[in-house]
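Undergrad: Okay, structure incoming, though there's no sequence with it:
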């Protein structure tokens, strides 16, 4: 199936987003496809971009930790685009094969325990 919405580019993006597209292209080498899609709704595009900038730009957690969390969530949500993007960013940050497998092992171990606890109706404090 083709994309549900058109992926805009610098030639057909709304005028108010052209500067933002240029900044994204400078930062990532291209405008990521989800942002190209969201450009069809400029107001929401700005909300999403601002949210990502605030969260990923905060220093409350180290960037590597945030990328590892983003990768984990992307795996759990089965988002191939995000898995690919965050895996590359983690690679660029120095993550090794063993570290990727460790993340997946944590997902496996914790997910398995969650399923067991749910199936046995085990509640906190019992």
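TA: Everything's here; your move. All values reported here derive from a predicted model rather than from experimental measurement.
Undergrad: Residues contacting the stretch of helix or strand residue 67 belongs to, please?
TA: Using DSSP states H and E, residue 67 falls within helix 63-76. If you take CB atoms under 8 Å, 6 or more residues apart in numbering as the criterion, helix 63-76 is touched by 55-56, 61, 82-83, 85-87, 89-90, 93-95, 103-104, 106-107. The C-beta positions use only the backbone N, C-alpha and C, and glycine is treated the same way.
Undergrad: Buried only: go through those for me.
TA: Neighbour-count burial within the contacts of helix 63-76 applies to 82-83, 85-87, 89-90, 95, 103; the criterion is 16 or more other CB atoms under 10 Å.
Undergrad: Of the contacts of helix 63-76, which belong to helices?
TA: Among these, DSSP state H puts 55-56, 82-83, 85-87, 89-90, 103-104, 106-107 in helices.
Undergrad: quick check: domain ranges of the chain?
TA: With domains defined by automatic domain parsing, the chain comprises 1-58, 60-126.
Undergrad: Could you export these as CSV, including mean pLDDT?
TA: Formatted as CSV, the domains of the chain follow (pLDDT from 0 to 100):
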stretch, mean pLDDT
domain 1-58, 93
domain 60-126, 95
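Undergrad: Quick one: residues contacting the nearest residue to residue 36 once chain neighbours are set aside.
TA: Excluding the flanking residues, the one nearest residue 36 by CB to CB, 6 or more residues apart in numbering is residue 7, at 4.0 Å. By CB under 8 Å, 6+ apart, the contact list for residue 7 reads 33, 36-37.
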